[in-house]
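A.B. asks: Build me a model from this:
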Amino acid sequence: MIGSLSSSYLQLAGNEHLTIAQIVAQAQARDATADGFLAVLGACMSDLTDVDHEEALTLASALLAAGASGVVGARWPTDDRPTALLMVMFHHCLNSGPTRPAEALRAAQT
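C.D. replies: Numbering: from 1, shown residues only. Just a heads-up that it's a prediction; the model follows:
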């Protein structure tokens, strides 16, 4: 997922890609009064880019522009199994009570 506006992307069903450029283009037409959503990028280094020297424009910032009220992403390499366990625990904590995303992530890490 590291790359430029066209090479950083979200993998969708059917092997389709949604690039940062496409997310930002859609964000321009979004309804600013619509409710936000929580985006969780479970892959390693999902909130980094190393091309174009544009560290401010990542998948996370593009999703925020598109209406996300929060984004969880990684800025470091991680192994798949521990990441999968963290995501299971994060979603469990998030859905088991009135927990905010930051609190759920903190609880999942302990």
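A.B. asks: which stretch of helix or strand covers residue 60?
C.D. replies: helix 59-65 (DSSP states H and E).
A.B. asks: And the contacts of that helix?
C.D. replies: If you take CB atoms under 8 Å, 6 or more residues apart in numbering as the criterion, helix 59-65 is touched by 1, 8-10, 20, 23-24, 27, 39, 41, 46-47, 71, 73. From N, CA and C alone the C-beta is placed, and that goes for glycine too.
A.B. asks: number of nearby residues for residue 25?
C.D. replies: Using other CB atoms under 10 Å, residue 25 has 12 other residues around it.
A.B. asks: Which elements pack onto the host helix or strand of it?
C.D. replies: Using DSSP H and E, the element containing residue 25 is helix 20-27. Contacts defined by 3 or more CB pairs under 8 Å, 6 or more residues apart in numbering; DSSP states H and E place helix 20-27 against helix 59-65.
A.B. asks: as a whole number, average confidence for the helix it packs on?
C.D. replies: Here helix 59-65 scores 88 as its mean pLDDT.
A.B. asks: Using PDB, write out every CA atom in the following helix or strand past it.
C.D. replies: Going down the chain from helix 59-65, the next helix or strand is strand 68-72, by DSSP H and E. Below are the C-alpha coordinates for strand 68-72, written out as PDB (Å, rounded to 0.1, in the frame of the first residue of the first chain):
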ATOM      1  CA  ALA A  68     -14.300   9.300   8.000                       C
ATOM      2  CA  SER A  69     -14.700  10.500  11.500                       C
ATOM      3  CA  GLY A  70     -11.600   8.400  12.500                       C
ATOM      4  CA  VAL A  71      -9.000   6.100  10.800                       C
ATOM      5  CA  VAL A  72      -6.900   3.400  12.400                       C
END
